[in-house]
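Visitor: Sequence first, predicted model second:
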Amino acid sequence: MKKKRNNILWVVGIFYLIYIFLFLSKFQFNPSATIELSANHVTKYNAPLPPNLVVEINRDGYDGQFYYMIAADPWHKHIAVTTNWYQRILYPTLAHILSLGNKALIPIILLLINFVSIILGTYVLLLLLEKYKANLNLAYIFAFNVGILIAIIRDLPEPLLCLFIVLTIYYMEKKEDGIAIIYLAAALLTKEIAILFAAALLFYLLLKREFKRFLIYLGPLLLYSFWLLSLFLRFDKIALMESIERGGIPFLGIAQYFLWLKFPNDLNELYTYYSALPVLIFVVIQCVLVFKQKAKYHSYYWLSLTLQILFLISLTKHAYTELIDGLGRQAVILFLFSILFHVENNQQYNRWLLWLMILMSTGYFITKIIIFKPQYFIT
C-alpha cells in the first residue's frame, strides 16, 4: 500500500513538473509568466515594476497578478487593488514570508506553494482512501482535476485551499477537532468559497445533533468575520460583498449562462461559450447520484449534497462565467467531495463523471499547452 501511494505521488509530481515546464516554454522559461500580469493592470502597481517580469499584451491577465501585487507589497503602499483580494490573504502572505522580501523570488514561490500543496493534498487524500480501503487510483481524479490544472499555471490559491480542506476532513475523522478548525480557518483565509464547505459542515453537525462540535466549528467562521471587519475598518468596504459583486437572484447565473450560449463559428468560440458546460453537467449528475443513494446518514452524503446546492445557488447574475477558467476552479471542492462520496458508499466512481473529468482536464491541457500563443514583453 505504501509503495502504491508513493508511486502515485511520483506520477503526480512528475506530471506537474512537465506541465509547468511546457507552459513556461512559451515565455522563455520565465516563472513570472504564471502571474499573468497584464499591461492593462500594470498601473495598479504604483511603483517601478521589478525587472524580468512577463507582462502580457492584449489580455486582461488573471487573478494571479493581484496575489503577486499583495505578496510584493503587503502593506498596501504602492498597489491599488480592490478589497476582496485582501480577504484571500493567506496565499500571498505565505509567498511574501517565504521570499524573505525578495520580489524576484515571489513568482517562483507562488508556483512552489501550489506545487507542494498539490503533492501534500494528494498525500492526505491517499491516507483517507486507505482508511476506507478504496482504490488509491481515485487520487488521480483529484490531482488532475481541471480546477487544479487551471490554478497552478495562473498562481491561484485553489491548490492551497484544497490542501487545507482535505486536512480539515482528515483531522475531523480522527476526532482531533482542535487541529481541524485551524485548517478550516486557514481555508477561509485562503479563499472565501471555503464558506460553502463550512456551511455544509455546520449543517451536517446540526443534523447529527452534535451541538458541541457545531460550536467548535463555528469558531473559524467567527475568525473570518473578524478579518472581514478589520478590512472594512481599513478600506470602508465589505470584502465579501465585493467578491460576489452585486449579487443577484439565486440560480440566475445558470439561466443567464444558457441564454448566453450560441452556435459557435470557430473553435475559439466553442471554447469560450461551451467550456464551462461540463462543470454544470457534472454537478447535475452528482446531485442525481446523491439523491438516489439510500445511505442518507453518511457524512459525505450530506456534505456533498449541501455543497452542490450552495454552489448552484451561489451562481447569481455576476457569479457565472462563460469560460471553464472561472467555473472549473470554483468547483474544486465539489470534485473532491464527489470522490469522497463514492468512497464512503463503497461505489466505483461513476463513469460519466470520470469521462467529464477527463474531458475538462484534457481540453484545458490542450488549450493552454498546444493552442495558446501568448503576446508579451519582459520588464
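Guide: Thanks, I have it. Residues are numbered from 1 along each chain as shown.

Visitor: all contacts plus neighbour counts: C-alpha atoms, from now on.
Guide: Noted.

Visitor: quick one: the strands in the stretch 51-200 of the chain?
Guide: Taking DSSP state E, counting those that start in this stretch as the test, the strands found in the stretch 51-200 of the chain are 54-56.

Visitor: Low-confidence ranges, it, go.
Guide: For the stretch 51-200 of the chain, no stretch is flagged by pLDDT under 70.

Visitor: Try it again at 80.
Guide: Along the stretch 51-200 of the chain, the parts satisfying pLDDT under 80 run over 58-61, 75-82, 84.

Visitor: try the stretch 201-350 of the chain
Guide: Flagging of the stretch 201-350 of the chain using pLDDT under 80 yields the residue ranges 235-256, 266-268, 293-302, 305, 309-310, 312-322, 345-346.

Visitor: residues of the helix or strand where Val284 lies that come out buried?
Guide: Secondary structure assignment for Val284, by DSSP states H and E: helix 277-292. Neighbour counts using 16 or more other CA atoms under 10 Å place 277-279, 282-283, 286-287, 289-290 of helix 277-292 among the buried residues.

Visitor: Pull the residues that contact that helix.
Guide: Outside of helix 277-292, the residues within contact range by CA atoms under 8 Å, 6 or more residues apart in numbering are 301, 304-305, 308, 324, 327-328, 331, 334, 338, 353, 356, 360.

Visitor: got it, and stretch 352-363?
Guide: Contacts to stretch 352-363, defined as CA under 8 Å, 6+ apart, come from residues 141, 144-146, 149, 275, 278-279, 282, 285-286.

Visitor: can you rerun that using 10 Å?
Guide: Where contact means CA atoms under 10 Å, 6 or more residues apart in numbering, the residues beyond stretch 352-363 that reach it are 138, 141-142, 144-150, 271, 275-279, 281-283, 285-286, 324, 328, 335, 338, 351, 364-365, 367.

Visitor: now those: which count as buried?
Guide: Buried by 16+ other CA under 10 Å: 138, 141-142, 144-150, 271, 275-279, 282-283, 286, 324, 328, 335, 338, 364-365, out of those.

Visitor: returning to that earlier point: tell me how far the helix holding Val284 lies from the chain's centre.
Guide: In this view, helix 277-292 has its centroid 19 Å away from the chain centroid, taken as CA atoms, centre = their mean, to the nearest Å.

Visitor: Check stretch 185-192 too.
Guide: On CA atoms, centre = their mean, the centre of stretch 185-192 falls 11 Å from the chain's centre.

Visitor: same deal with stretch 23-35?
Guide: Average the C-alpha atoms of stretch 23-35, do the same for its chain, and the two points are 21 Å apart (CA atoms, centre = their mean).

Visitor: does His76 really touch Ala47, like I thought?
Guide: No. Checked against CA atoms under 10 Å, the pair His76 and Ala47 is beyond contact range at 11.5 Å.

Visitor: So which of those two has more stuff around it?
Guide: For His76 versus Ala47, the count of surrounding residues by other CA atoms under 10 Å is larger for His76: 14 against 11.

Visitor: show me what contacts the most centrally placed residue in the chain?
Guide: Centroid-nearest residue in the chain, with CA atoms, centre = their mean: Glu158, separated by 2.6 Å. Contacts here follow CA under 10 Å, 6+ apart; on that basis Glu158 touches 91, 114, 117-118, 147-152, 164, 187, 190-191, 193, 329-333.

Visitor: Report the separation between it and Ala143.
Guide: As for Glu158, its distance to Ala143 is 12 Å (criterion: CA to CA, to the nearest Å).

Visitor: Next, show the common contact partners of those two.
Guide: Shared between the contact lists of Glu158 and Ala143 (criterion: CA under 10 Å, 6+ apart) are residues 118, 149.

Visitor: Surely Glu56 touches Lys26?
Guide: No. With contact taken as CA under 10 Å, Glu56 and Lys26 are classed as non-touching, separated by 11.9 Å.

Visitor: Next up, phi/psi of Lys133, please.
Guide: phi 60, psi 40 (degrees, to the nearest 10).

Visitor: Please verify my assumption that it contacts Gln347.
Guide: No. With contact defined as CA under 10 Å, Lys133 and Gln347 do not form a contacting pair (11.6 Å).

Visitor: all helices of the stretch 201-350 of the chain, in order?
Guide: Across the stretch 201-350 of the chain, reading from the start of the chain, the helices by DSSP state H, counting those that start in this stretch fall at 211-235, 239-243, 252-260, 267-274, 277-292, 299-313, 324-330, 332-344.

Visitor: could I have the last one exported to PDB, CA atoms only?
Guide: The reference is to helix 332-344. Extracted C-alpha coordinates of helix 332-344, given in PDB (Å, rounded to 0.1, in the frame of the first residue of the first chain):
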ATOM      1  CA  VAL A 332     -12.600  22.100  -7.000                       C
ATOM      2  CA  ILE A 333     -14.300  21.400  -3.600                       C
ATOM      3  CA  LEU A 334     -17.200  19.600  -5.400                       C
ATOM      4  CA  PHE A 335     -14.700  17.400  -7.300                       C
ATOM      5  CA  LEU A 336     -13.100  16.400  -4.000                       C
ATOM      6  CA  PHE A 337     -16.300  15.600  -2.300                       C
ATOM      7  CA  SER A 338     -17.500  13.700  -5.400                       C
ATOM      8  CA  ILE A 339     -14.600  11.300  -4.800                       C
ATOM      9  CA  LEU A 340     -15.300  11.000  -1.000                       C
ATOM     10  CA  PHE A 341     -19.000  10.400  -1.600                       C
ATOM     11  CA  HIS A 342     -18.300   7.400  -3.800                       C
ATOM     12  CA  VAL A 343     -15.600   6.100  -1.500                       C
ATOM     13  CA  GLU A 344     -17.800   6.300   1.600                       C
END
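
Visitor: That'll do, ta.
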